[in-house]
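Chemist: when you get a sec, could you give me coordinates for this:
(chains A and B)
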Amino acid sequence: MPGSMHDRIIRIDLTNRKVSEQPVDEELGSYLGGMGYGTKILVDEVPPGVDPLAPENLLVLTVGPLTGTMAPMHPQSCVVTKSPLSGTILNSYAGGFLGAEIKFAGIDGLVLAGRASEWVLLLVEDGRVSFHSAEAVMGLATGETEAYMKRLFGPDVRTLSIGRAGEKAVAMASVFSETRVFGRGGAGAVLGSKRVKGIAVRGTRGLEVARPEEFAALVRENMELIRKACAEEYNLVGMFSRVGTGAGMGLVNGRGGLATRNHEYGTFAGAAEIDGFAYAKNFYTRPIACFGCPVHCGMLHTFRRHDGSDSWLRGPEYETMYSLGSDVLNGDPVALAEANQVCEEYGMDTLTAGVAVAWALEMAEEGLLREPGLALSFGDREAILGLLHKMGEREGIGDLLAEGPKRAAERLAAQAGAGVLGRAMQIKNSGFAAWMPRRMKGTGLAFATSNRGACHKRAPIGAEITGQIDMGSTEGKAVLVKEIQDRVNAIFTLISCRFHEFVTPVEVYPRLVAAATGRCVSPAEFLRLGERIWNLERLFNLGAGLGRADDGLPERCYEPIKGESSEGAVFGREEFESMLDEYYEVRGWDREGVPTEAKLRELGLASYRGLAGR
Amino acid sequence: MGACSLVKTGRVSLRESRIRILRRWPQTPRFEVCRFDDCPGLSDNPGLSDNPIQPCIGACPVEAIANRGGIVLIDRETCTACGACVGACPFGAILQDEEGLAWKCDFCGGTPACVPECVTAALTVREA
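Modeler: Numbers count the residues shown, from 1 in each chain, chains lettered A, B, ... in the order given. Reported below is the predicted structural model:
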């Protein structure tokens, strides 16, 4: 029976330049695709203690059952690997057109293993893989590398690439794909460790679904929902559609939850200069959609740089408006766009890079860090751009920051005392996304317990910031956070855009899967799959040496937020710890955060018990 | 493109779409699709100067292409796979299949499948 999955994964052994095909068996198939496939393959094959930059680590690039179909908001592809930033298992996503192209190439994903002897570009054409020299593009920016591949292989290929940061094993190096980014967790450094500078994919095959009429009806119904949301004035997805993801900054600022000056303050006086509406008014050129998406939240902005040259950028996105804007006291929208461009050029996650910069600026203002040639102070354009350049090059102080905020702070703490650690706004070395745990306590718990560190994709952000639930309360949040984590893990097996779930009832997903693949999963089983993956990730992380101590917040979260509208919001230490206890209990884990045998049996993971190593 | 290929081939297959979009950031994307009666006619077409026709029609040596009530169609039975129409089309709207036979948008008989899918209304049907 035809279905939207090909049950075929290509494995590339870079060390020996060998390509093989892995059929998807029933067990792997039950993980549906996307993050499910990636997690299962990684956990089964990579020992948790492995050095993330060693050839033994794998990088798994997958798509899901709805990728490349007419189901709206399913353009993304997923990377799973062990993160060199957090030392945890990592899943990271990028939109654009690469996902659909992989599907049209007749495969469900790629597994990269080993390390090439020379830097390579890979061309994947309808499932055939060829190796090409990357010599001509070494040291080049992500955009230049992708333009080169399109010249070399033809303009119709879809591409991903790393920049200099990935080449130099900068811990927060990202993988770029035609301005969309596998941002978090340092997958770019893993690709670099394998000496893969870029991948081009060409898929010329079509894609069929198992039950075309049923699928078309579901797609029509879902499309109606999304279009309706897009037309509503106060619908978040509608605002993203019109203004981009920066639409909500005013609301966050008004509620005292906009992390400012390395999370010291909850309001930023310059917010109105750098939010989505300011960009829309001054720089908006056109929207850019991902494959088949009616929302088109990507906004293309054209602007004049400070050196007088004309330039353009897809973005900045909301999270970047915080990390390279409010958090570093940068109220200059052009400087913010330039900083975003530096991250794009080097191929770095704007979030963790910005958090590292914010920490460095605070340390410098306290006289604990300095860098020759740079006057390091908050809001200084030269300082912000200079630090990002140095991180991308691993030069001077940048070499320290390139290790991630936690490791950088640990090194400084050796001379400056442990106090500097509590100023690094990270969890598991992954920089805070744009939300303040003290202000939004459920989101704080979600940050702390995330399997990839300070993750905003599986947090009750919308409900808390819009006031649907009391953001300052901890009551019921443990249950809520667990539910969101499991639900988002489940939809990430399909690689639904995170925003898709804002408008789509969760029951719809199993119906879409059944119509697309013929595989029947009940809504309860679907959510259970999300929980199973969450626990599998947890076992891997425990095996990698992480534990309860890594599920904690930095010291600053136990001090009141400054600034108007924040009302001195603070986390009590005991308040947080009891919330964490409650969360572990809800999860069926012991007090150290280890899944109990009963829980693992319930999830069909009994055979993985040894993975945790305890 | 997805809707087009789905209607025409029963599967989502961008390379079999009758409309193609080329991104040229930061400029507007270029659409490669037939403009039908909006396509500039050949005013110096011998014998037909009062009756402007699309360049592909004039280019076809075997009269396989015709404008039928505003919709330019290719008769693939007559087509000899010479490719003359491909070069003549100012919009890059005509493609050749593996055997060289020409194919293009046929306006879905009057209600194009792509138009309702376009949320920004970049695609419209204009009454003749």
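
Chemist: number of nearby residues for A:Val24?
Modeler: Residue crowding around A:Val24 was assessed by other C-beta atoms under 10 Å in any protein chain shown; the count is 18. C-beta here means a position set from N, CA and C on the backbone, and glycine is covered the same way.

Chemist: nope, A:Arg394 is what I meant
Modeler: Neighbourhood size, A:Arg394 [other C-beta under 10 Å]: 18.

Chemist: need the contact list for residue 24.
Modeler: By default, I'm working from chain A. A:Met5, A:Asp7, A:Arg8, A:Ile9, A:Tyr37, A:Asp108 (C-beta atoms under 8 Å, 6 or more residues apart in numbering or on different chains).

Chemist: could you do chain B instead?
Modeler: Contacts of B:Arg24 by C-beta under 8 Å, 6+ apart are B:Arg30.

Chemist: how much space between A:Gln41 and A:Glu27?
Modeler: Not quite, residue A:41 is Ile, not Gln. Distance, A:Ile41 to A:Glu27, by C-beta to C-beta, to the nearest Å: 11 Å.

Chemist: which of the two has more residues huddled nearby?
Modeler: More crowded of A:Ile41 and A:Glu27, by other C-beta under 10 Å: A:Ile41, with 21 against 10.

Chemist: give me the pLDDT for the nearest residue to A:Gly33 once chain neighbours are set aside.
Modeler: The shortest distance from A:Gly33 to any residue other than its chain neighbours is 3.7 Å, reached at A:Gly64 (C-beta to C-beta, 6 or more residues apart in numbering or on different chains). Looking at A:Gly64, its pLDDT stands at 98.

Chemist: you'd agree A:Gly64 is up against A:Met73?
Modeler: No: using C-beta atoms under 8 Å, A:Gly64 is not in contact with A:Met73, being 11.9 Å away.

Chemist: common neighbours of those two, please.
Modeler: Residues touching both A:Gly64 and A:Met73 (C-beta under 8 Å, 6+ apart) are A:Ser496.

Chemist: next, give phi and psi for the residue nearest to A:Gly33.
Modeler: phi -120, psi 180 (degrees, to the nearest 10).

Chemist: distance check, it against A:His6.
Modeler: Here the criterion is C-beta to C-beta. By it, A:Gly64 lies 12 Å from A:His6.

Chemist: run through the chain and note the low-pLDDT ranges.
Modeler: This is for chain A. A:1 (pLDDT under 70).

Chemist: actually it's chain B I care about, not the one you picked
Modeler: Along chain B, segments meeting pLDDT under 70 span B:41-52, B:128.

Chemist: between A:Gly64 and A:Met73, which one's more packed in?
Modeler: The neighbour count for A:Gly64 versus A:Met73, taken as other C-beta under 10 Å, is higher for A:Gly64 (33 against 28).

Chemist: residues touching that one, list them.
Modeler: By C-beta under 8 Å, 6+ apart, the contact set of A:Gly64 is A:Leu32, A:Gly33, A:Gly34, A:His74, A:Cys78, A:Thr493, A:Leu494, A:Ile495, A:Ser496.

Chemist: which of these lies closest to chain B?
Modeler: Of all the contacts of A:Gly64, A:His74 has the smallest distance to chain B: 11.2 Å, by C-beta to the nearest C-beta.

Chemist: can you tell me the element that closest one falls in?
Modeler: Counting by DSSP states H and E, no helix or strand carries A:His74.

Chemist: look up the closest residue to A:Tyr583, ignoring the ones flanking it.
Modeler: Closest to A:Tyr583 by C-beta to C-beta, 6+ apart is A:Ala478, at 4.1 Å.

Chemist: confirm the one you found sits in a helix?
Modeler: Yes: A:Ala478 forms part of a helix when assessed by DSSP: H, G, I helix; E, B strand; the rest coil.

Chemist: what about it, how many neighbours?
Modeler: Number of residues near A:Ala478 (other C-beta under 10 Å) recorded here: 22.

Chemist: neighbouring contacts of stretch A:5-23?
Modeler: A:24, A:29, A:33, A:37, A:41, A:55, A:62, A:65, A:103, A:106-117, A:120, A:122, A:124, A:127, A:129, A:131, A:194-196, A:517.

Chemist: which ones among those lie within strands?
Modeler: Of the positions in the contacts of stretch A:5-23, A:Thr62, A:Gly109, A:Leu110, A:Val111, A:Leu112, A:Ala113, A:Val120, A:Leu122, A:Val124, A:Val129, A:Phe131, A:Val196 sit in strands, assigned by DSSP state E.

Chemist: rewinding a little: most widely separated two among the contacts of A:Gly64?
Modeler: Pairwise distances across those (C-beta to C-beta) peak at 12.6 Å, for the pair A:Leu32 and A:His74.
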